[in-house]
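Student: Here is a sequence together with a model predicted from it:
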Amino acid sequence: MTAKFLKAGARMLDMQQQAIRAAIRHSFNLVRSSAEVSVVRDHLLALLVLKYLSDCDAMSTESAIAADAASGRPPLFEVLFHARHEADIGNRIDGALADLEKKHPLLQGAFQDVSFDSAALGNPEQRRRVLSDLLALFSSTEFDYRKTGAADSVAFACETLISDVAATSGKGGGGEFFTPPEVSQLIAGLLQPEPGESIGDPCCGSGALLLTCGAAARARASKDRCRLFGQEKNGSTWALAKINMLVHGELDAQLEWGDTLEDPRLVVGDQLRKFDLVVSSPPFNLRNWGQETAADDPFGRYWRGVPPRGTADYAFISHMVETLQPSHGRMAVVVTHGVLFRGGAERQIRQRLLEENLVDAVIGLPAKLFPNTGLPIALLVFRRRKDDKAVLFIDASRQFEHGKTQNKLREEDLTRIESTYAARTDVEGYARLVSLVDILQNDCTLNVARYVDAVEQVYQVDLEALRAERAQLRAELEGLESRFASLIQEVSRG
């Protein structure tokens, strides 16, 4: 009986998620013709939060209207829905969002770039028509605070909108802040976050990587949450991360707005805050990152060497390493393959990281995993405390699910990577544990292909079986041709 109820519950959840996905995509299409993709995303997320928090409000529609009339407060979602045909509906929605920022500290500043009374959504008549349709659509999507799973539903809606926009827009339109869910899942699986630990991301984007690590910790042993900290340079994306944290219930997350390299905000006094885990997927090959003043960095982040002006890859890595807890910190960062072997100042930094025995593993991943680049990527894993003086190289670049525009790591691919990392032993054609001495003698290169030889699969071909299969297919084709000719004759005879 229990299994029957579980299956029924799973079917209901799947149906609910399908309905939410359909509503999100419909709403996206409603606005997309009037505004840029990033504008559409920000406005739809604002409406999503407004609807969810309105549903969580214990007041009924009638009492909300009465309270609004008595106090002059911006109305709740139900009131906005009833006023959806009014000429000033955009201004009313903006007022409701301002009220939400006052009520919820985490949302302060989250709607700074959002205005439903803006020409970004078209001329006044276009705006009124689009907002009327959106309010009607969102009104039919229930996130009732009294129902079990309401928070999961709105979190799913938020994730669906973020991922759909990233897949649609790619570079420059929303994909640049998006870490694919399976990559976030892999990082969490490798680092094994524990409840109560602190997790920092200096380029947190939408906050998905922080959320995945936090969820992994809760799933391990208890309901205790990790402490999540992030910083994001782009104001619109920072606001998106705050919304994402709220709908996932991470109300105590600390998210700062600013440039991590030039103005780190996750600090304690005049020192960088230290974290048990540091995770990130920073922008690849970022230019003009502040190299001119890096030698005089007040936090001393670049003592191993100053990265080149043309790419900030090792500037982010240097920052992240310096924010690790000295005794047990661990870290994972997504990089392009050039980070593994480029020379100059980057080689010097890489050598010093190796000599400190901080580099734990290098994992080569497939190309086209990210919506904003077709390049193959790698994961660099660092640990402050290691039991050996070696680096594990894993070549996971050939096992994945092919997609038309974006590839994907399957569950079995993630499982193999994680189990290989945990075992820390050689696997022919897939993984190799290499001593620091060998790597230092190899010009400090961390290129996976240098250490893991690809094994070509050899297939045994049964020629007799192939000939028999060909003969059978020919006979079937001849039968079909004969049948087709007969049908043509019948039709021609009328």
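Tutor: Structure's in. What do you need?

Student: in this structure, which ranges drop under the pLDDT threshold?
Tutor: By pLDDT under 70, the low-scoring segments of the chain are 1-16, 34, 57-75, 141-152, 166-177, 221-223, 372, 454-462, 465, 490-494.

Student: care to break it down by domain?
Tutor: With automatic domain parsing serving as the domain definition, the record reports that the chain contains domains spanning 2-153, 175-451.

Student: Mind checking these for the one nearest to Val165?
Tutor: In terms of C-beta to C-beta, the element of those nearest to Val165 is domain 2-153, at 4.5 Å. The C-beta positions use only the backbone N, C-alpha and C, and glycine is treated the same way.

Student: now, of the domains of the chain, which is deepest in the fold?
Tutor: The densest packing among the domains of the chain, expressed as mean neighbour count by mean count of other C-beta atoms under 10 Å, is seen in domain 175-451 with a mean of 19.

Student: So what's the gap between it and the chain middle?
Tutor: 13 Å (C-alpha atoms, centre = their mean, to the nearest Å).

Student: Present the domains of the chain as CSV; the columns should include distance to Glu159.
Tutor: Formatted as CSV, the entries for the domains of the chain read as follows, by distance: least, C-beta to C-beta, whole Å:
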stretch, distance to Glu159
domain 2-153, 10
domain 175-451, 8
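
Student: now Leu473: how far from Leu340?
Tutor: Separation of Leu473 from Leu340 (C-beta to C-beta, to the nearest Å) stands at 48 Å.

Student: same question, Thr425
Tutor: Here the distance between Thr425 and Leu340 works out to 22 Å (C-beta to C-beta).

Student: Contacts for stretch 88-108, please.
Tutor: Identification of contacts with stretch 88-108 by C-beta atoms under 8 Å, 6 or more residues apart in numbering yields 46-47, 49-50, 53, 73-77, 80, 83, 86, 109-111, 114-118, 121, 127-128, 131-132, 135, 242-243, 245-246, 251, 253.

Student: So which of the residues you listed sit within helices?
Tutor: If you go by DSSP state H, the contacts of stretch 88-108 have 46-47, 49-50, 53, 77, 80, 127-128, 131-132, 135, 242-243, 245-246 in helices.

Student: on that earlier part again, for Asp164, which of the domains of the chain is the nearest?
Tutor: Across the domains of the chain, the minimum distance to Asp164, taken as C-beta to C-beta, is reached by domain 2-153, at 6.5 Å.

Student: got the contact list for Ile349?
Tutor: Contacts were defined as C-beta under 8 Å, 6+ apart; by that measure Ile349 touches Arg304, Gly305, Pro307, Tyr314, Ile317, Ser318.

Student: Let me know the secondary structure of it.
Tutor: With DSSP: H, G, I helix; E, B strand; the rest coil as the basis, the three-state label of Ile349 is helix.

Student: now the helices for the stretch 351-494 of the chain?
Tutor: Listed in chain order, the helices found in the stretch 351-494 of the chain under DSSP state H, counting those that start in this stretch are 411-423, 436-441, 448-451, 463-493.

Student: can I get these in CSV with distance to Gly300?
Tutor: What follows is the helices of the stretch 351-494 of the chain, written out as CSV (distance: least, C-beta to C-beta, whole Å):
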stretch, distance to Gly300
helix 411-423, 31
helix 436-441, 25
helix 448-451, 31
helix 463-493, 67
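
Student: Between those helices, which one is closest to Thr373.
Tutor: Relative to Thr373, the nearest member of the helices of the stretch 351-494 of the chain by C-beta to C-beta is helix 448-451, separated by 18.0 Å.

Student: From the contact counts, what lies against the closest one?
Tutor: Contact here means 3 or more C-beta pairs under 8 Å, 6 or more residues apart in numbering; DSSP states H and E; on that basis helix 448-451 packs against strand 359-364, strand 390-395.

Student: Now do the last one: which elements does it pack against?
Tutor: Here strand 390-395 is seen to pack against strand 359-364, helix 411-423, strand 431-435, helix 436-441, helix 448-451 when contacts are counted using 3+ C-beta pairs under 8 Å, 6+ apart.

Student: Only alpha carbons, please: show that strand as PDB.
Tutor: Listed next in PDB are the C-alpha coordinates belonging to strand 390-395 (Å, rounded to 0.1, in the frame of the first residue of the first chain):
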ATOM      1  CA  ALA A 390      49.900  13.200  -5.600                       C
ATOM      2  CA  VAL A 391      47.200  14.500  -8.000                       C
ATOM      3  CA  LEU A 392      44.400  12.300  -9.300                       C
ATOM      4  CA  PHE A 393      43.700  12.900 -13.000                       C
ATOM      5  CA  ILE A 394      40.300  11.700 -14.400                       C
ATOM      6  CA  ASP A 395      39.400  11.900 -18.000                       C
END
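
Student: now the angle from that strand to strand 431-435?
Tutor: Comparing the axes of strand 390-395 and strand 431-435 via axes from the mean of the first three to the mean of the last three C-alpha atoms, to 10 degrees yields an angle of 150 degrees.

Student: strands paired with strand 390-395, and their directions?
Tutor: Strand 390-395 pairs in its sheet with strand 359-364 (parallel), strand 431-435 (antiparallel), by DSSP bridges.

Student: Let me have those strands in CSV, adding distance to Asp297 as columns.
Tutor: Output for those, formatted as CSV (distance: least, C-beta to C-beta, whole Å):
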stretch, distance to Asp297
strand 359-364, 22
strand 431-435, 32
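
Student: And the helices and strands packed on strand 390-395: which comes nearest Pro180?
Tutor: Evaluated over those, closeness to Pro180 peaks at helix 411-423, with 11.5 Å, by C-beta to C-beta.

Student: For the helices and strands packed on helix 448-451, please prepare JSON lines with the additional fields distance to Ser140.
Tutor: Output for the helices and strands packed on helix 448-451, formatted as JSON lines (distance: least, C-beta to C-beta, whole Å):
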{"stretch": "strand 359-364", "distance to Ser140": "44"}
{"stretch": "strand 390-395", "distance to Ser140": "47"}
